[in-house]
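**Student:** here is a sequence together with a model predicted from it:
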Amino acid sequence: MEIPKILGGEPVRKKPFPSWPIFDEKERELLLKVLESGRWGVGGKLQEEFENKFAEFQDAKYALLCSSGTTALKIALKAMGISPGDEVIVPSYTFIGTATAVLDLNANIVYADICPETYTIDVENLKNKITEKTKVVIPVHFAGRPADMDAVKEFAEQHNLMVLEDAAQAHGAEWRNRRVGALGDAGAFSFQSSKNITAGEGGAVTTDDDEIASIAWSLRNVGRPRGGPWYEHRLFGWNYRITEWQAAILLAQLERAPKLMEKRDSSARYLDKLLGEVDGVEPLKSDPRITRHAYHLYVFRYDPSQFNGLDKELFIQSLREEGIPCNSGYRPLYSYTFLPKSKPLPNTEKAAYIEAIWIPQPVLLAEKEDLEDVIIAIKKIKKYSKKIKEECKTFSAR
Ligand SMILES: Cc1ncc(COP(=O)(O)O)c(C=O)c1O
């Protein structure tokens with residue numbers, strides 16, 4: 001086997017994996033339609049068309065477009081009645097926006113640890129953290145993998161909480177044959193540039209609840225009532241609208257999504273199988289209740305003890321040098337100085353600092369032989385792990 005690139009050898013790959021985003025004539029055609037319509041924002045028809053199609057795609061009654069996944073979370077929380085001093089449960093292993101949306105409303109965060117084998121919220125040890133101020137729990141469908149919605153909903157019912165799904169990464173994901181987004185009281189999606197359906201930026205609130213939908217509509221429209229006069233503002237809202245340009249792109253992206261979902265799914269299954277060939281790298285645990293994983297990320301668990309103690313950051317650096325895109329992922333939320341503190345939560349610590357390796361979704365759009373390079377690179381690094389540990393300096397791969 002050749003020497004790893006990090007030790008001066010040749011990399012496994014010299015050609016890149018597929019790039020993202022993908023677009024074709026459909027995007028071009030719709031963008032031109034917007035240009036020529038003269039309706040580039042309010043009054044355009046494509047936003048509503050996308051909202052209807054996306055709601056149907058996610059098995060929700062409503063979808064409401066807004067400026068980002070973070071603002072979708074914020075709008076949804078406020079529409080669900082969150083006010084200053086209320087408490088919202090969020091996993092400590094998630095994107096920072098899950099937390100800042102809560103804090104922006106002057107509500108407080110209660111951190112939940114994640115399950116060690118799935119990296120999604122673990123509501124088990126939260127029982128003594130619930131107070132009369134706790135109002136909402138936010139399960140995050142991390143990497144496109146639905147959180148355990150049976151456990152979350154049971155817990156929410158027991159404690160009289162509402163459920164807001166952070167589905168920012170989970171377009172098309174399914175729990176027990178129903179798509180995420182309106183499994184709880186509301187959901188929040190992101191269309192930011194890395195996402196599996198993207199317009200560069202954008203977000204959506206999904207819900208089956210008429211009242212939440214109506215308030216959310218108004219909140220993103222500076223508090224205007226739907227169908228009311230322009231200068232009528234009944235709520236304290238924001239301008240979190242998007243443009244027709246974004247809606248045009250989203251419509252084209254949504255049409256392409258099912259085909260890409262199939263591709264990511266079969267690639268992820270192939271990678272799961274390939275990882276089985278090497279001790280010390282392992283896919284997250286499968287769950288038959290997840291009838292569709294959206295695979296915004298392909299995440300696997302790395303065990304440094306099987307690689308002569310080579311730490312996660314150096315393992316990632318070595319893999320990258322072989323031409324395999326990957327990164328280290330989230331830090332625990334409580335490690336940010338400006339977010340609420342917590343004692344370290346063990347499974348979050350382990351995922352963040354020891355074992356979680358993230359591969360971005362465009363890799364899953366590659367062909368089988370390209371995916372095989374991932375495992376060839378891992379095997380090569382494993383073989384030389386002792387030498388890499390001795391000779392190379394750790395860096396940060398976040
Ligand atoms: C889990 C999660 N929540 C929320 C967000 C926020 O979405 P946006 O970046 O569109 O504000 C993201 C996006 O990265 C995310 O991954």
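**Tutor:** Received the coordinates, thanks. If you're wondering where the values come from, they're calculated on a predicted model, not measured in any experiment. Numbers count the residues shown, from 1 in each chain.

**Student:** residue in the protein nearest to the ligand?
**Tutor:** Closest residue of the chain to the ligand, CB to the nearest ligand atom: residue 69 (2.3 Å). Placement of C-beta: from N, CA and C, glycine included.

**Student:** hmm, residue 194 and that residue touching each other?
**Tutor:** No. At 11.0 Å, residue 69 and residue 194 do not qualify as touching, with contact defined as CB atoms under 8 Å.

**Student:** burial measure for residue 176, as a count.
**Tutor:** Residue 176: 12 surrounding residues under other CB atoms under 10 Å.

**Student:** on that earlier part again, residue 69 and residue 194: who's more crowded?
**Tutor:** residue 69 (27 against 14).

**Student:** mind listing what the more buried one touches?
**Tutor:** Residue 69 is in contact with 95, 97, 166, 168, 188-192, 203, counting by CB atoms under 8 Å, 6 or more residues apart in numbering.

**Student:** mind listing what the closest residue to residue 334 other than its chain neighbours touches?
**Tutor:** Nearest residue to residue 334, sequence neighbours excluded (CB to CB, 6 or more residues apart in numbering): residue 342, at 4.0 Å. Residues in contact with residue 342 (CB under 8 Å, 6+ apart) are 92, 111, 332, 334.

**Student:** restricted to strands, list those.
**Tutor:** Judged by DSSP state E, these include residue 111 as members of strands.

**Student:** how about the helices in the stretch 251-398 of the chain?
**Tutor:** 312-321, 346-349, 368-383, 385-391 (DSSP state H, counting those that start in this stretch).

**Student:** of all those, which one is nearest residue 37?
**Tutor:** When the helices of the stretch 251-398 of the chain are compared by CB to CB, helix 368-383 sits nearest residue 37, at 40.7 Å.

**Student:** now the closest one: mean pLDDT?
**Tutor:** Mean pLDDT, computed over helix 368-383, is 98.

**Student:** which residues sit against it?
**Tutor:** Residues lying outside helix 368-383 but in contact with it, judged by CB under 8 Å, 6+ apart, are 1-2, 4, 12-13, 17, 267, 270-271, 274-275, 277-278, 280-281, 306-307, 310, 315, 318-319, 322-324, 359, 363-364, 388.

**Student:** now the buried members of those residues.
**Tutor:** 4, 12-13, 17, 267, 270-271, 274-275, 280-281, 307, 310, 315, 318-319, 322-324, 359, 363-364, 388 (16 or more other CB atoms under 10 Å).

**Student:** tell me where the stretch 151-300 of the chain has strands.
**Tutor:** 162-166, 174-175, 178-179, 186-190, 203-207, 281-283, 290-292, 297-302 (DSSP state E, counting those that start in this stretch).

**Student:** next, the angle strand 203-207 makes with the fourth one.
**Tutor:** When axes from the mean of the first three to the mean of the last three CA atoms, to 10 degrees is applied, the directions of strand 186-190 and strand 203-207 differ by 160 degrees.

**Student:** is any residue of strand 186-190 near the ligand?
**Tutor:** Yes. Interface with the ligand: strand 186-190 contributes residue 190 (CB under 6 Å from any ligand atom).

**Student:** before we move on, back to that, tabulate the helices of the stretch 251-398 of the chain (a markdown table), appending distance to residue 159.
**Tutor:** Shown next, in a markdown table, are the helices of the stretch 251-398 of the chain (distance: least, CB to CB, whole Å):
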| stretch | distance to residue 159 |
| --- | --- |
| helix 312-321 | 35 |
| helix 346-349 | 21 |
| helix 368-383 | 42 |
| helix 385-391 | 46 |
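
**Student:** deepest of the ones you listed, which one?
**Tutor:** The highest average neighbour count among the helices of the stretch 251-398 of the chain, using mean count of other CB atoms under 10 Å, belongs to helix 312-321 at a mean of 22.

**Student:** what packs against that helix?
**Tutor:** strand 356-360, helix 368-383, helix 385-391 (3 or more CB pairs under 8 Å, 6 or more residues apart in numbering; DSSP states H and E).
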